[in-house]
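Asker: any chance you can model this:
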Amino acid sequence: MDQKELRAWEARCVQDETPRCTAACPLHVDVRTFCGLMAQRRFDKAWQTLAKVLPLPSVLARLCDAPCKAECVRKDAGGPIETGALERYCAQVAAPALPPKPLPSRRKTVAVFGGDLCGLCAAWELARRGFSVSLYCGVPGGSLLNLPESVLPQGALERELENLDKLGVDLKRDTDLTMALLDSLAESRDALFVDGDAWPAGFDNFGQPDELTLGTRRSGIFASPAGQPSPVLRAAAARRAANSVERFVQGVSMTTSRQLEGAYPSRLFTSLDNVDAAAPVCGDLCPDENAALAEARRCLQCECMECVKVCEYLKHYKQYPKVYARQIYNNASIVMGTRQANTMINSCMLCGLCEVVCPEDFSMAELCLEARRSMVERGKMPPSAHEFALRDMAFANSDACALARHAPAAESSDYLFFPGCQLTASDPDGVQAAYADLCARLGRVGLMLRCCGAPAHWAGRQAMADQSLSTLKEEWKHLSSPRIIAACPTCLNTLRQWLPEAEIVSHWSVLRAMGLPEGARSDGMVLAVGDPCAVRHDRAIREDVRTLLDRLGVDMVEPELTGELAQCCGFGGLLAEANPELGRLVAQRRADELAEDFVTYCAMCRDRIARTGKRAMHLYDLIYPGGAEPGSRPAPGYSDRRENRTRLREKLLRTLWKTDQSGAEPHEAVQVVFTDEAARLMEERRILRSDVQKVLHYGARAGAQFGHDETGRHLASWRPSTVTYWVEYEQQGEGVLVHRAWCHRMRIKGGRA
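Answerer: Numbers count the residues shown, from 1 in each chain. As a prediction, the model looks like this:
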């Protein structure tokens, strides 16, 4: 990712965009912060927020006509925030703030002609920027003096006039504002500003001020429009003029990059979902403190965070996509040192939910997947991040598990059943029953057992994914390129993307068309339907599944986040491998969505939800029920998943194709049992039963063991490739009891481990 690409990514995230109220305010008051402080009863801090931005804050806060209300998001949920009333109340109760400290002197002189609100504001803005300012007027305040005491107390104006004096403004009172004086000032000063309410006779010859710069026909003279009724717009004109004076004396462009001066549209999106309507508590004034607090608490504290609300991954790292894009860019830019964002990059589930809910279609999945590919290409991907998942994929595609055959006694196939490697690992009996059903009702249905290559794709190892798909494609063609029936939603998506020449349908669509098989359960269960994230954009499959559940007599309950908004279970993107603890949190969040038992049509969703302790079932548990109660089937561990695949292949070859290809490896003869603690640690550390058996077999054959005379326990290790495995055990008759197992990537110096 280069700087240009980074900027493009950052621009798509609107979380940092200005709130609509602040953007609509010509002076850009931080209304969100102001309301938040008011709601906390921190009135002095709230006043400082106003005083930091407003010229003549004691005056302008009392006169604010709140143009921000027109853009307030709350207006569609009870009415806009009465910001003006809150400002007036704050001006009454807060401690006065010190005037701003001016910048160092620019050694430039500016005259302000006229002392009404706009002229006073212009003098304030110019003085704080380091200009030497002289303000010429009759009576300071002009029309402000006509306002009733209840609107603008005399003390408020006097306080701001004193602050102007502290800023260094030379106030020339009782001045006759003539054209002759204006001409004289224009010649003697570096720039001149004319208050629109103090135009002298003959000033019309200078023409109307330019809308963007407020410049006139005479160079160096700027003016505000006459007759502006809005106090805020008059103050904004003064600020715009000060900006123009600053540009003029610097000799830079008067028009470039001024689109954010004054009011402008904001891209910030704030949802009103789950926001209760609440009418304003205050009118033009807040009668008391309780009313002011209640009004301030109506503020929604606008932000987007739509993706963070629905994604445990984004929430876990406590930021939002714009920040993550910068972190990913910085992570890739490191030449030497620790890449702090590796785990964050590898923790994205690549499910695409963020893109669906984002008003600007920001896809963390696309960003993180590209980052993973880049890390792999540059040799910066930590080997531990996805190794176990890739080993598991290789095992699923090995001769021990993989199978590609026509139906028994058939020489060609009209269909090819592709259950996917995770369904065969989770429910081999269900897969066998499903295949038997398809053969019985469709005829010539071939069978392919292997992985679709999704884990390699998720890991950013596209070459490995391409190789897996290439082998799959060759076997598919060898079987006469039949129509593929996929049972796994992820396999369905992967095959449709990478094998476009094949006709691929969902098993659920086939079952809907054929009807349910005999023996399917139909006992009126109430179940929460869990859509896999892989069918987010496949409404047809979601409808097929709900039709099947309805035919099964299931009373369906829908989670809040369902269908297009379905959440990932934590398997997607290999999150559970790269960040196991976060993977558990994600699965728990899905399990906690509803109290009802859970039914899904993704094997990994079923297993990961079941692992949290929630009763969960796969749709196969209802359509092809076995002997056990469907919601009580345990989630198989990693070792059991591998054995399920191999035993399914052996069983199908033996019973359907009358071929016995079973052959035990030497290490399988080692009889081993595990303590509960050892079994738990092995599952957490992704250590398989076969890994332990290989360690014990190697240790016995090579004599590479340590013994402890007092405990009677032994310690053995084995390093098959890049990982060293250790096992602590004791002999029990003909077998072995394992107490502990662990692994690491270090190589012991001077030894084979």
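
Asker: break the chain down into its structural domains.
Answerer: Using the TED database, the domain ranges for the chain come out as 18-97+284-303, 109-250, 305-378, 386-515+637-652, 525-623, 672-744.

Asker: and of those domains, who's closest to residue 266?
Answerer: For residue 266, the closest of those is domain 18-97+284-303, at 3.8 Å, according to Cβ to Cβ. To be clear about C-beta, it is placed using only N, CA and C from the backbone, and glycine gets the same treatment.

Asker: can you get me the start-to-end distance on that closest one?
Answerer: One end of domain 18-97+284-303 sits 9 Å from the other (Cα to Cα, to the nearest Å).

Asker: can you add mean pLDDT and give the domains of the chain back as JSON lines?
Answerer: Formatted as JSON lines, the domains of the chain follow (pLDDT from 0 to 100):
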{"stretch": "domain 18-97+284-303", "mean pLDDT": "97"}
{"stretch": "domain 109-250", "mean pLDDT": "93"}
{"stretch": "domain 305-378", "mean pLDDT": "92"}
{"stretch": "domain 386-515+637-652", "mean pLDDT": "95"}
{"stretch": "domain 525-623", "mean pLDDT": "95"}
{"stretch": "domain 672-744", "mean pLDDT": "83"}
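
Asker: turn those domains into TSV, including distance to residue 263 and mean neighbour count.
Answerer: Shown next, in TSV, are the domains of the chain (distance: least, Cβ to Cβ, whole Å; neighbours: other Cβ atoms under 10 Å):
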stretch	distance to residue 263	mean neighbour count
domain 18-97+284-303	5	20
domain 109-250	8	19
domain 305-378	21	19
domain 386-515+637-652	45	20
domain 525-623	35	21
domain 672-744	56	16
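
Asker: wait, which of these is closest to residue 10?
Answerer: That would be domain 305-378 among these, by Cβ to Cβ, at 5.0 Å.

Asker: please state the offset of the closest one from the chain centre?
Answerer: Here domain 305-378 is found 8 Å from its chain centre; the criterion is Cα atoms, centre = their mean, to the nearest Å.

Asker: sorry, back to before: for residue 6, which of the domains of the chain is the nearest?
Answerer: Once the domains of the chain are compared by Cβ to Cβ, domain 305-378 is nearest, at 4.7 Å.

Asker: which one of the domains of the chain lies nearest to residue 258?
Answerer: Of all those, it is domain 109-250 that lies closest to residue 258, at 6.2 Å by Cβ to Cβ.

Asker: longest helix in the protein, please.
Answerer: Across the chain, the longest stretch assigned as helix under DSSP state H is helix 231-250.

Asker: on contacts alone, who are the packing partners of that one?
Answerer: For helix 231-250, the packing partners by 3 or more Cβ pairs under 8 Å, 6 or more residues apart in numbering; DSSP states H and E come out as helix 57-63, helix 117-128, strand 191-194, strand 221-223.

Asker: now render these as a markdown table, adding distance to residue 172.
Answerer: Below are the helices and strands packed on helix 231-250 laid out as a markdown table (distance: least, Cβ to Cβ, whole Å):
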| stretch | distance to residue 172 |
| --- | --- |
| helix 57-63 | 20 |
| helix 117-128 | 11 |
| strand 191-194 | 13 |
| strand 221-223 | 18 |
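
Asker: quick one: which of the ones you listed is nearest residue 303?
Answerer: Proximity to residue 303 (Cβ to Cβ) singles out helix 57-63 among the helices and strands packed on helix 231-250, at 25.1 Å.

Asker: format the CA atom coordinates belonging to that closest one as CSV.
Answerer: Only the C-alpha atoms of helix 57-63 are listed here, as CSV (Å, rounded to 0.1, in the frame of the first residue of the first chain):
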residue,chain,number,x,y,z
PRO,A,57,-18.2,34.9,23.5
SER,A,58,-20.2,36.6,26.3
VAL,A,59,-22.1,38.5,23.5
LEU,A,60,-22.3,35.9,20.8
ALA,A,61,-23.3,33.0,23.0
ARG,A,62,-26.4,35.1,24.2
LEU,A,63,-27.3,36.1,20.6
